[in-house]
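*Asks:* Fold the stuff below for me.
(one chain, ligands or ions: 2)
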Amino acid sequence: KTEHLKITDIHIDEEKIKKAAALLAKGELVAFPTETVYGLGADAANEVAVSGIFAAKGRPQDNPLIVHVASVEHCRELVQEIPDYAEKLMDRFSPGPITYVLPHRGGLADNVTAGLATVGIRIPDHPLALALIRESGCPIAAPSANTSGKPSPTTAFHVAEDLDGKIACIVDGGATGIGVESTVIDCTGKLPVVLRPGGITQEMIEEAIGEKLASTNGIPESDKPKAPGMKYRHYAPVLPLILVQGDASKIKEFVRKVESEGKRVAVLASKSTADHLDLPHVKVLGTEPNEIAANLYAALRHYTEKDADLLICEAFSRSGIGEAIMNRLAKAAEKHMIL
Ligand code: TXA
Ligand code: MG
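*Replies:* Ligands and ions are numbered 1, 2, ... in the order given. All right, here's what the predicted structure looks like:
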């Protein structure tokens, strides 16, 4: 049976954090909130514990996990030399929604890195996550706490939907703030390369290191993905999803056409688009891009067969966090249509 621990304050609920940390230290699986999404944690030095993560999620074995630590000092213990630009990024953005891929020193379980010579390391910017990592005394391997292929969890309820009964404990610290996963950057070359867009945008990285980076937009799908996880279908809602690029009147026209074929349609859109749609099953994701990111995964989980046959989502601008939003939507969608 999965234990549920609700934590409202890390000081008041210290005993609960100690309990969850003790579970981690003895090789159990514990889901916990970060500033991006909920993670499913295990001691990254314990191969058996880590294999439990792959089993609980149904995750392909060749997709390495991110290792979470509580400080830059702890990060240094796990990796070889850190390039200057990565030092700058750590200075500026860690703790925060950014993961550094660096050559590791060994000492972690082999299955954490899927046998690679590099490890993805991140310092989450969440008091509960940091307290849990510190208290456990271990580096914590933690992918998103969802069944592989589904949208990542932004609440403890989503975690329970996917993993109740399969893991030792769920630490409930409320909804996560950012809502999309960390930016993964390859720090093994002369300049950083964004492998997965996220909370820290390419513009922010360029500004911090004072260099312009090659655009990752243009990389053809056929190129072997450097972040192994990027090749699998991800974030998939229950309903087939179509991403639609066009203004409100075009989207509305398209919905009417699909409905005339006898299909029930649900729509996800920004506030300004939704205001012009004037349709029944519309879920407003938010006004600002940050709000849209924060609400995206919950919205993708929301509609099921009892509500509709087809889910349609507006295509958003790719600037700032929009790059991460569109990256996730493109992977979740079966089709991208331009009207
Ligand atoms: O925000 C996040 O990053 C969340 C929270 C829980 O911290 N975690 C997360 O982990 O999204 P996960 O396992 O779902 O995604 C890890 C991504 C995958 O695309 C994986 O392929 C890539 O990071 N990755 C991990 N280690 C890598 C490595 N050594 N080289 C290249 N890519 C790596
Ligand atoms: Mg994931």
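
*Asks:* Secondary structure element holding the residue nearest to the spatial centre of the chain?
*Replies:* By C-alpha atoms, centre = their mean, the chain has its centre lying nearest to E181, at 2.6 Å. For E181, there is no helix or strand it lies in under DSSP states H and E.

*Asks:* Please determine how far it is located from V48.
*Replies:* Computed as C-beta to C-beta, to the nearest Å, the E181 to V48 distance reads 26 Å. In this view, the C-beta of every residue, glycine as well, is placed from N, C-alpha and C.

*Asks:* Go ahead and confirm the residue nearest to the centre of the chain touches R196.
*Replies:* Yes - between E181 and R196 there is a contact under C-beta atoms under 8 Å: 6.9 Å.

*Asks:* buried stuff in the helix or strand hosting I242?
*Replies:* Under the criterion of DSSP H and E, I242 resides in strand 241-245. Using 16 or more other C-beta atoms under 10 Å as the test for burial, strand 241-245 gives 241-244.

*Asks:* next one: stretch 237-254
*Replies:* Buried residues in stretch 237-254, counted by 16+ other C-beta under 10 Å: 237-239, 241-244, 246, 248, 251-252, 254.

*Asks:* Between all of the residues you listed, which two are separated the most?
*Replies:* Pairwise distances across the buried residues of stretch 237-254 (C-beta to C-beta) peak at 25.3 Å, for the pair V238 and A248.

*Asks:* Quick check: the residue of the chain positioned farthest from its centre vs ligand 1, distance?
*Replies:* Note on the chain: the largest C-alpha distance from the chain mean falls to S260, namely 36.4 Å (C-alpha atoms, centre = their mean). Using C-beta to the nearest ligand atom, to the nearest Å, S260 is found at 40 Å from ligand 1.

*Asks:* Counting by contacts, list what the lowest-mean-pLDDT helix or strand in the chain packs against.
*Replies:* Lowest on mean pLDDT, DSSP states H and E among the helices and strands of the chain sits strand 335-338, with a mean of 84. Applying 3 or more C-beta pairs under 8 Å, 6 or more residues apart in numbering; DSSP states H and E, one finds that strand 335-338 contacts strand 241-245.

*Asks:* what does the protein put close to ligand 1?
*Replies:* With C-beta under 6 Å from any ligand atom as the criterion, the chain meets ligand 1 at residues 34, 36-37, 39, 63-66, 97, 99, 101, 113, 116, 118-120, 122, 124, 142-144, 181-182, 184, 195-196, 226-230.

*Asks:* Now the buried members of those.
*Replies:* For the residues of the chain next to ligand 1, buried by 16+ other C-beta under 10 Å: 34, 36-37, 39, 63-66, 97, 99, 101, 113, 118-120, 122, 124, 142-144, 181-182, 184, 195-196, 227, 229-230.

*Asks:* what residue ranges in this structure score low on pLDDT?
*Replies:* Along the chain, segments meeting pLDDT under 70 span 216-233.

*Asks:* go again using 80 as the cut-off
*Replies:* 215-233 (pLDDT under 80).

*Asks:* What segments of it are helices?
*Replies:* For the chain, applying DSSP state H gives helices covering 14-25, 47-57, 72-78, 84-93, 127-136, 156-163, 202-209, 248-260, 271-277, 289-302, 322-332.

*Asks:* about what we covered before: partners of the least confident helix or strand of the chain in the sheet?
*Replies:* Applying DSSP bridges to the sheet, strand 335-338 is found paired with strand 241-245 (parallel).

*Asks:* So P192 sits against Y85, correct?
*Replies:* Yes - P192 lies in contact with Y85 (C-beta under 8 Å); the separation is 5.9 Å.

*Asks:* which residues do these two both contact?
*Replies:* I209 (C-beta atoms under 8 Å, 6 or more residues apart in numbering).

*Asks:* Would you mind telling me which of those two has more residues around it?
*Replies:* Under the criterion of other C-beta atoms under 10 Å, the comparison of P192 against Y85 puts P192 first, with 26 against 19.

*Asks:* what's the neighbour count on L279?
*Replies:* With other C-beta under 10 Å as criterion, L279 counts 18.

*Asks:* Adjust the sequence numbering to begin at 58 for everything that follows.
*Replies:* I'll keep to 58 as the first residue from here, and by that count the last item is L336.

*Asks:* Give the phi and psi angles for it, as a check.
*Replies:* phi -120, psi 160 (degrees, to the nearest 10).

*Asks:* show me what contacts it?
*Replies:* Counting by C-beta under 8 Å, 6+ apart, L336 touches 309, 312, 322, 324.

*Asks:* I am finished for the moment; much appreciated.
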